[in-house]
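In: give me the fold of what follows.
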Amino acid sequence: MTDQFLAHRVATLKPSGIRKFFDIIATMKDVISLGIGEPDFDTPDSILKAGLESLRRGETHYTSNSGLMDLRREISANLERLYGVSYDPVNEIVVTVGVSEALYLALTAILNPGEEVLIPTPCFVAYQPEVILAGGLPVEIPSRLEDEFQPNLSAVESAVTPRTKAILIGYPNNPTGAVASREVLLGVLRIAEKHNLVVISDEIYDRLVYGIPHVSFASLPGARERTITLGGFSKDYAMTGWRIGYAAAPAETLKGLLRIHQYTIMSAPTTAQAAAIEALIHGEEYVQQMTAEYDRRRKLIVGGLNQLGLPTFEPRGAFYAFPQISVTGMEDEVFAQLLLEEEKVAVVPGSAFGSGGDGFVRCSYATKYEKIEEALVRMERFMRRHG
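Out: As a prediction, this is how the structure comes out:
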């Protein structure tokens, strides 16, 4: 079987740099995985019950294309309460199958063939492929450790061309744990205004911040009218398998996203929408509990990695640490491969997340405290041999 029937843009997509490590892990025993990018908590009980009760009521049919009105109202109220951003639940919010669909809708709705999207990297592995699949060209803008992995504004400005259509940002950041400051985001906004660009802001980790606030991009003065905000429930509420997210944008822009959503998805899962309503109304206690536990693990892993001689800046959001491994003299893929083979600790090479990630690895602390402790013991043995 050949790929003769595949579209060129699909046939030439690079495989995920994460997937091969997960495939190896699946064949091994006693592996401690610091590679998984999802909460290790189960969905909170009241949210689970809301989904079950929806099924028992016979709510097994399509909803509105845009999603349940009650859910859109709660999303709108949540954004207003947390960030002071007002979205009309009728015309400016669409409920999606996770943030992944929301990202697909946003890029497909705005891009004409050959238009460019500026992407500060390291970033979530789907950003560049989704731009390509939407017919656009991803332009990577490497961020630096010395800037705490926030966008390099001069580099972003320099990358703008007549073909540039949008800037795609994701903060709190996967894989670095960076949280963009208000000042840096205002700089991104000034560039977008100067060149009349759309900003797609992926804010899936918005509630998972430690000691500093998350700034929603659309809340910046004048930003709302050129911003597509992506959000969801997977990370904040431990609902990855429910596949529920949303996009919020000005009405005229949202029409484009909704048009694509109507033809490709119809509507997000009805049961998941019912559970998401419960999450927004009564889930705050769970968010606070999970964030506090992530913070405890964050301090453990960052302190442990630094003690091992792997310089790790303090992540202020999400649930990832991003240590620099250049002291070992290894490339990041080699480091990850040997650490898995020799000590059965799984991390992800930083180069899997785009330019700027070379020489780093991603360590997720969305795993139990005791497992992180054991992983650090194993990594210490590894570093004694290689550090």
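
In: domain ranges for the chain?
Out: Following automatic domain parsing, the chain resolves into domains at 8-43+285-386, 45-282.

In: what does stretch 22-35 rub up against?
Out: With Cβ atoms under 8 Å, 6 or more residues apart in numbering as the contact definition, stretch 22-35 has outside contacts at 18, 21, 301, 340, 344-348, 362-365, 367, 371-372, 374-375, 378. Where you see a C-beta, it was placed from the backbone N, CA and C, and this is true even at glycine.

In: okay, now Glu285: neighbour count?
Out: By the criterion of other Cβ atoms under 10 Å, Glu285 has 10 neighbours.

In: can you give the distance of the host helix or strand of it from its chain's centre?
Out: Counting by DSSP states H and E, the element that carries Glu285 is helix 284-307. Distance of helix 284-307 from the chain centroid (Cα atoms, centre = their mean, to the nearest Å) equals 18 Å.

In: I'd like the average pLDDT over it.
Out: Taken as a whole, helix 284-307 has an average pLDDT of 98.

In: kindly provide the distance from Leu257 to Leu185.
Out: From Leu257 over to Leu185 the distance is 22 Å, taken as Cβ to Cβ, to the nearest Å.

In: the more surrounded of the two?
Out: Between Leu257 and Leu185, Leu257 has the larger neighbour count (other Cβ under 10 Å), namely 26 against 22.

In: test my guess that that one contacts Ala109.
Out: Yes - using Cβ atoms under 8 Å as the test, Leu257 is close enough to Ala109 to be in contact (4.9 Å).

In: which helices and strands sit right next to the helix or strand hosting Leu52?
Out: In this assignment (DSSP H and E), Leu52 forms part of helix 45-56. If you count contacts as 3 or more Cβ pairs under 8 Å, 6 or more residues apart in numbering; DSSP states H and E, helix 45-56 packs onto helix 270-282.

In: can you list contacts of the helix it packs on?
Out: Contacts of helix 270-282 (Cβ under 8 Å, 6+ apart): 43-44, 46-51, 53-55, 59-63, 67-68, 70-71, 74-75, 77-78, 95, 233, 236-237, 239, 242-244.

In: this structure: helices as residue ranges?
Out: Under the criterion DSSP state H, the chain contains helices at 8-11, 19-25, 45-56, 69-83, 98-110, 127-133, 153-159, 182-195, 251-264, 270-282, 284-307, 332-343, 369-386.

In: excluding chain neighbours, what is closest to Thr108?
Out: Nearest residue to Thr108 in three dimensions, chain neighbours excluded: Ala134, at 4.6 Å (Cβ to Cβ, 6 or more residues apart in numbering).

In: distance of that neighbour from Ile18?
Out: For Ala134, the distance to Ile18 equals 21 Å [Cβ to Cβ].

In: check Cys123 too.
Out: Per Cβ to Cβ, Cys123 is found 13 Å from Ile18.

In: the strands in the stretch 101-250 of the chain, which residues?
Out: 116-121, 137-142, 164-170, 198-202, 227-232, 245-248 (DSSP state E, counting those that start in this stretch).
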